[in-house]
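K.L.:
With the sequence up front, the predicted model follows.
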Amino acid sequence: MNDREQTEEEPLRSGNRAGYAGWRRGNRRRQAKGRSWHSRNWRRRKKSGIRRRQARAAWFFLAPSLAGVVVFTAVPFVDVVRRSFLDAMGRTGVGLANYAAVCGNIAFRLAASNTVRFLTVCLPLLMFTSFALALLVFRRDGKGNLYKTTLVLPMVIPVAAMVLVWKIVFCQDGLLNELLNWLVGATQVTKLWDNDWVNSSTAFPILIVTYIWKNAGYDLLLWLAGLASISESLYDAARVDGAGAWERLCYITLPGLSGTFGLVLILSVVNSFRVYREAYLLAGSYPDMSIYMIPHLFSHWFLTLDVQNMCTGSMLLVTAALAIAATAGFARVVFRRLGRSR
């Protein structure tokens with residue numbers, strides 16, 4: 001008789017059958033627990049193996065895209081960083097002399113100031129205009145579809161066609177001058193209005209109006225998506241409590257659009273650097289000084305193959321963009337902590 005049989009027969013020799021039955025139940029419970037542990041461990045290993053295979057498959061499909069990003073984006077960016085500290089031939093290090101030269105360049109300072117001025121004036125106007133239009137046309141019963149289509153229509157118009165119409169209106173012999181002369185009763189010989197609106201000090205307001213008219217529909221769609229995500233039950237409860245339109249806007253709509261606001265702001269900043277198309281088509285490569293932007297300067301540097309200044313200017317722009325992003329992220333963290341503290 002082995003040890004197991006001897007252990008199992010021990011309760012019978014002592015005459016304690018109840019103790020033997022309890023021992024058997026405990027033994028079966030321990031065996032079931034062991035089998036359960038092995039089963040859970042096997043399922044856990046199986047799931048981890050599936051995850052590893054899925055991760056390998058995902059990296060396999062992402063490898064071409066990652067290789068393209070590395071070859072066509074990361075490597076050229078590293079080369080731009082390196083060349084910003086070298087001379088024109090790319091052989092001798094010059095330290096920060098390139099940065100001092102670019103920052104002291106009159107054309108760069110003019111282009112940078114105009115770009116900052118455009119962002120400061122145009123972005124608030126664009127966001128406020130698109131948000132106000134979104135509030136006006138937002139209807140849950142579908143009655144605002146005609147207005148939505150009308151406001152989004154400028155998005156599908158090619159920039160070249162749009163600017164051509166703008167030049168017909170604002171050129172020296174354009175419709176605006178003819179209309180103003182007709183209103184004041186001027187004759188063809190004695191014209192009172194003979195302005196070239198796109199090549200004078202009025203070019204900057206015209207550029208802002210053109211850009212807002214072209215891009216307000218895009219931001220309008222983003223605001224409408226954010227408004228549609230707010231539950232209607234919140235507005236119904238506020239109406240029952242006697243809240244007016246202003247209270248619903250301040251305490252329901254604006255807090256509900258906090259995430260949409262950040263998205264619209266980021267996309268508007270990114271799209272604002274594409275204003276070069278409108279400015280170039282309106283006034284050419286050498287526009288009025290009020291609309292001479294950073295892309296104009298880079299275009300001239302590219303035509304003259306001034307790689308040294310292009311690399312240095314690119315690094316300055318990247319640094320400014322990172323500073324703006326860091327400031328926005330810090331402000332968001334601060335506002336979130338202030339909201340939690342309240």
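P.N.:
Arrived safely, thanks for sending. Numbers count the residues shown, from 1 in each chain.
K.L.:
Next, count neighbours for the closest residue to Phe298 other than its chain neighbours.
P.N.:
Excluding the flanking residues, the one nearest Phe298 by C-beta to C-beta, 6 or more residues apart in numbering is Met310, at 6.3 Å. For the C-beta atoms, the positions are set from N, CA and C on the backbone; glycine is no exception. If you count neighbours by other C-beta atoms under 10 Å, Met310 ends up with 19.
K.L.:
One more: Arg248?
P.N.:
Arg248 has 15 nearby residues by other C-beta under 10 Å.
K.L.:
Would you mind measuring from it to Pro124?
P.N.:
23 Å (C-beta to C-beta, to the nearest Å).
K.L.:
Could you do Tyr251 as well?
P.N.:
From Tyr251 to Pro124 the distance is 23 Å (C-beta to C-beta).
K.L.:
and if you look at Leu254?
P.N.:
The value you get for Leu254 to Pro124, if C-beta to C-beta is used, is 16 Å.
K.L.:
Poorly predicted segments of the protein, please.
P.N.:
Within the chain, the set of residues satisfying pLDDT under 70 comprises 1-43, 45-46, 139-144, 185-194, 328-329, 331-342.
K.L.:
shouldn't Trp197 be in contact with Ile206?
P.N.:
Yes: Trp197 lies in contact with Ile206 (C-beta atoms under 8 Å); the separation is 5.9 Å.
K.L.:
Residues that sit against both of the two, list them.
P.N.:
Common neighbours of Trp197 and Ile206, using C-beta atoms under 8 Å, 6 or more residues apart in numbering, are Phe170.
K.L.:
How far away from the center of its chain is the strand or helix carrying Ile206?
P.N.:
According to DSSP states H and E, Ile206 maps onto helix 203-228. In terms of C-alpha atoms, centre = their mean, to the nearest Å, the centre of helix 203-228 is found 15 Å from the chain centre.
K.L.:
thinking again about what came up before, got the contact list for the residue nearest to Phe298?
P.N.:
Neighbour list for Met310: 298, 301-302 [criterion: C-beta under 8 Å, 6+ apart].
K.L.:
could these be laid out in JSON lines, adding neighbour count and secondary structure?
P.N.:
Below are the contacts of Met310 laid out as JSON lines (neighbours: other C-beta atoms under 10 Å; DSSP: H, G, I helix; E, B strand; the rest coil):
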{"residue": "Phe298", "neighbour count": "19", "secondary structure": "helix"}
{"residue": "Trp301", "neighbour count": "20", "secondary structure": "helix"}
{"residue": "Phe302", "neighbour count": "11", "secondary structure": "helix"}
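K.L.:
For Ala320, state which of the residues you listed is nearest.
P.N.:
Checking those against Ala320 by C-beta to C-beta gives Phe298 as the nearest, at 14.4 Å.
K.L.:
okay but the closest one is in contact with Leu316, surely?
P.N.:
No: contact criterion C-beta under 8 Å: Phe298 and Leu316 do not qualify, at 11.5 Å.
K.L.:
how about Leu305, secondary structure?
P.N.:
Three-state assignment for Leu305 (DSSP: H, G, I helix; E, B strand; the rest coil): coil.
K.L.:
quick check: domain ranges of this protein?
P.N.:
3-59, 101-341 (automatic domain parsing).
K.L.:
tell me the contacts of the nearest residue to Asn309 once chain neighbours are set aside?
P.N.:
Using C-beta to C-beta, 6+ apart and skipping the chain neighbours, the partner closest in space to Asn309 is Trp301 (5.3 Å). Applying C-beta under 8 Å, 6+ apart to Trp301 gives the contacts 309-310, 313.
K.L.:
Likewise for Leu316?
P.N.:
99, 102-103.
K.L.:
Kindly supply the PyMOL command isolating those of these that are buried.
P.N.:
Selection of buried members from these for PyMOL, criterion 16 or more other C-beta atoms under 10 Å:
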select buried, resi 99+102
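K.L.:
Among the contacts of Leu316, which one sits closest to Ser48?
P.N.:
Scanning those for proximity to Ser48, where the rule is C-beta to C-beta, the winner is Tyr99, at 50.7 Å.
K.L.:
So the residue nearest to that closest one when sequence neighbours are not counted versus Leu303, what's the distance?
P.N.:
Computed as C-beta to C-beta, 6+ apart, the closest residue to Tyr99 that is not its neighbour in sequence is Thr312, at 5.7 Å. Going from Thr312 to Leu303 by C-beta to C-beta gives 17 Å.
K.L.:
Go ahead and confirm Tyr218 touches Asn271.
P.N.:
Yes: applying C-beta under 8 Å, one finds Tyr218 in contact with Asn271, separated by 7.4 Å.
K.L.:
hmm, back to that, which members of the contacts of Leu316 are positioned in helices?
P.N.:
99, 102-103 (DSSP state H).
K.L.:
got these as CSV, with distance to Gly90 columns?
P.N.:
Listed next are the ones in helices among the contacts of Leu316 as CSV, based on distance: C-beta to C-beta, whole Å:
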residue, distance to Gly90
Tyr99, 16
Val102, 16
Cys103, 21
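K.L.:
Would you check that Ala111 makes contact with Met293?
P.N.:
Yes: assessed by C-beta under 8 Å, Ala111 is found in contact with Met293 at 5.7 Å.
K.L.:
Can you name the residues in contact with stretch 248-268?
P.N.:
For stretch 248-268, using C-beta under 8 Å, 6+ apart, the contacting residues are 123, 126-127, 130, 135, 215, 218-219, 222-223, 225-227, 229-230, 234-235, 238-239, 243, 328, 332.
K.L.:
All set now, cheers.
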